[in-house]
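J.: Dropping the sequence and predicted coords here.
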Amino acid sequence: MNNQKEMNEAKLVAFIDGSLSPEEMAEVEHWYDASDENRKTLEQLYFVLQLHDRCNAVKDVNPERALAALKQKIAQRSAAKRRRSFMTLGRRVMRYAAIVLLLAGVAGLGAYIYYDKNQYCEIVADNSQNKTIVLPDQSTVTLKADSKISFPAKFTEERVVYLDGEALFDVAKRKGAEFVVKAKGAQICVKGTKFNFKAYSACPKIEATLIEGAVDFRTNGHKVAIKPNQKVVYNAESRRMNIVEVDARLDIFGERYFDMEKLGYVINSLEHIYDCKISFADNRIEDIRFTGTVNRNNSLEHTLNIITLTTGTEYKRYGDAVVISK
């Protein structure tokens with residue numbers, strides 16, 4: 001029995017679970033020793049079981065440790081010892097059906113995890129919700145709806161991930177190891193920072209917004225450094241690039257809480273959100289402090305009403321221009 005197709009997959013799961021008879025355990029063991037392909041198949045299955053337990057975070061997956069543990073257990077020829085060692089997997093055979101459904105992409109789970117023979121993971125967020133994961137280097141990624149990201153199960157000297165869609169990255173610092181996000185011929189290169197990257201394969205426009213830290217945006221010979229509260233907008237078809245000033249948290253999250261911020265700073269953010277011109281009748285009004293939440297989904301009038309009511313000011317509109325006064 002040296003052909004992997006001849007071995008029932010359910011029997012392999014039962015073998016890992018330690019629920020086979022001694023004769024069946026020996027049969028699977030002989031099959032495992034018969035070829036490299038058979039060994040890889042069982043090891044892949046063992047790792048998938050490990051991955052399922054961590055699919056919500058992905059952060060604790062250590063494939064080398066998992067495979068080493070499996071090989072060590074298989075090497076124990078005593079049926080009794082082998083049974084005891086595999087019982088640490090804890091009745092996972094009942095979870096196997098759930099794993100199969102997870103890998104098949106059942107609607108409603110919000111994200112689907114795939115695993116290939118090169119120990120590469122791909123996570124896909126469906127069109128109904130975001131998905132937050134933790135990469136092997138402890139960086140966190142919030143994958144936006146209808147997006148996918150792929151990355152190695154373990155980073156080596158390089159930390160490279162591939163994105164199709166939109167994601168918010170909070171990159172863990174690692175000395176000497178650059179973190180690279182690649183998408184559509186463009187890439188973001190950082191060492192430790194927080195930024196949002198949008199690059200859908202069906203859309204020529206690529207956007208990167210920096211919240212904190214520093215990043216390099218590179219594509220087709222271009223290399224620009226982005227500062228916090230800046231957004232780079234690049235058109236892959238025309239190869240034109242613009243860098244605009246934004247309130248990064250408002251631009252990315254749609255909401256920003258201001259705690260005793262000067263009104264001049266708050267109004268500057270509003271100008272970028274609503275694409276309008278807001279001025280002060282008296283420059284001293286800029287120093288008035290504002291505490292409150294601004295939501296991008298609210299109208300300009302709604303936001304101005306909240307700000308003026310809580311700061312003892314008023315506003316008037318003159319066409320597209322707004323003037324704030326005492």
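T.: Done, it's in.

J.: can you give me the helices for the stretch 101-250 of the chain?
T.: For the stretch 101-250 of the chain, applying DSSP state H, counting those that start in this stretch gives helices covering 248-253.

J.: Correct me if wrong: residue 172 contacts residue 134.
T.: No. Contact criterion CB atoms under 8 Å: residue 172 and residue 134 do not qualify, at 9.3 Å. Any C-beta I mention is one placed from the backbone N, CA and C, and that applies to glycine too.

J.: more neighbours, those two?
T.: Relative neighbour count places residue 134 above the other of residue 172 and residue 134, with 18 against 15, counting by other CB atoms under 10 Å.

J.: I'd like to know the beta-bridge partner residues of the more buried one.
T.: Here residue 134 sits in beta bridges with residue 140, going by DSSP bridges.

J.: what's the answer for residue 198, then?
T.: In this entry, residue 198 is beta-bridged to residue 166, residue 207, by DSSP bridges.

J.: Count the neighbours of it for me.
T.: 21.

J.: I figured it was touching residue 204, is that so?
T.: No. In this structure, residue 198 is not within contact of residue 204 by CB under 8 Å, at 11.9 Å.

J.: tell me, what's touching these two both at once?
T.: When CB atoms under 8 Å, 6 or more residues apart in numbering defines a contact, no residue borders residue 198 and residue 204 alike.

J.: hmm, who's touching stretch 196-211?
T.: Contacts of stretch 196-211 (CB under 8 Å, 6+ apart): 144, 147, 163-169, 181, 183-184, 186, 188, 193-195, 215, 217, 219, 226-238, 246, 248-249, 251-252.

J.: Filter those residues down to the buried ones, PyMOL style.
T.: Listed next is the PyMOL selection for buried residues among those, using 16 or more other CB atoms under 10 Å:
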select buried, resi 144+147+163+164+165+166+167+168+169+181+183+184+186+188+193+194+195+215+217+219+226+228+229+230+231+232+234+236+246+248+249+251+252
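
J.: Tell me which residue is most central in this protein.
T.: residue 141 (2.6 Å; CA atoms, centre = their mean).

J.: tell me the contacts of that residue?
T.: The contact partners of residue 141, taken as CB under 8 Å, 6+ apart, are 132-135, 149, 161, 167-170.

J.: Bridged to residue 183, which residues?
T.: Beta bridges link residue 183 to residue 186 when assigned by DSSP bridges.

J.: hang on, isn't it packed against residue 160?
T.: No. Using CB under 8 Å, residue 183 is not in contact with residue 160; the gap is 11.4 Å.

J.: still on that earlier bit, show me the contacts of stretch 196-211 that map onto strands.
T.: 147, 163-169, 181, 183, 186, 188, 194-195, 215, 217, 219, 226, 230-235 (DSSP state E).
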